[in-house]
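In: have a look; sequence and predicted model below, questions after that.
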Amino acid sequence: MADSHRTSEPVNFVHRDEIWKAHLKVEKDSAKAWPEKWGFLKEAYIECERESMKLKEAYRAKHHQLDARPPTPPEEHIHLGPPPPFPRTSQGVVGWRLGHSHLELEKYAPVHRGKCSFMEALGWPFGSCS
């Protein structure tokens, strides 16, 4: 509230209390009048919930294979062999796994650099972008 930041003006607590009472009265009156004006929505909501539950049950019965299965143990998919011998010197530690083909980082395909530039592929002059 902007009023709470002003310290020079006095605060009228009685006036604020009257405003609060008026807000509460409006809320009470609205709560009493709601069933008469909007009570039909309650029945429509309950019917919608029932329909939703029927659809969920039908979907679950049709797609029961999608239920959660117990996790597969990792030993079935991951096969570890013995590691290569660790190098004796600190200089041999640098790149020591690169000499073994089964320990390469690129498992699927090697990384290739492009043979032409982006500008060349579009047919633009080299000075057009900076």
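Out: Done, it's in.

In: just say helix, strand or coil for the residue most central in space within the chain.
Out: For the chain, A68 is the residue whose C-alpha lies nearest the centre (CA atoms, centre = their mean; 20.8 Å). With DSSP: H, G, I helix; E, B strand; the rest coil as the basis, A68 sits in coil.

In: what distance do you get for it to R60?
Out: Here A68 is placed at a distance of 12 Å from R60 (CB to CB, to the nearest Å). The C-beta positions use only the backbone N, C-alpha and C, and glycine is treated the same way.

In: cool, and V26?
Out: Plainly put, V26 is 45 Å away from R60 if you go by CB to CB.

In: which one's the longest helix in the protein?
Out: Longest helix in the chain by number of residues, with DSSP state H as the criterion: helix 13-38.

In: so what secondary structure elements neighbour the helix or strand just after it?
Out: As assigned by DSSP states H and E, the chain's next helix or strand after helix 13-38 is helix 40-62. Contacts defined by 3 or more CB pairs under 8 Å, 6 or more residues apart in numbering; DSSP states H and E place helix 40-62 against no helix or strand at all.

In: number the chain from 52, please
Out: Happy to do that; since the first residue is 52 now, the last one works out to helix 91-113.

In: tell me the helix or strand right after helix 91-113.
Out: Along the chain past helix 91-113, the next helix or strand (assigned with DSSP H and E) turns out to be helix 141-144.

In: so how far is the next helix or strand after that next one off the chain centroid?
Out: From helix 141-144 onward toward the C-terminus, using DSSP H and E, the following helix or strand is helix 169-173. With CA atoms, centre = their mean, to the nearest Å as the basis, the distance from the averaged C-alpha position of helix 169-173 to the chain average is 37 Å.
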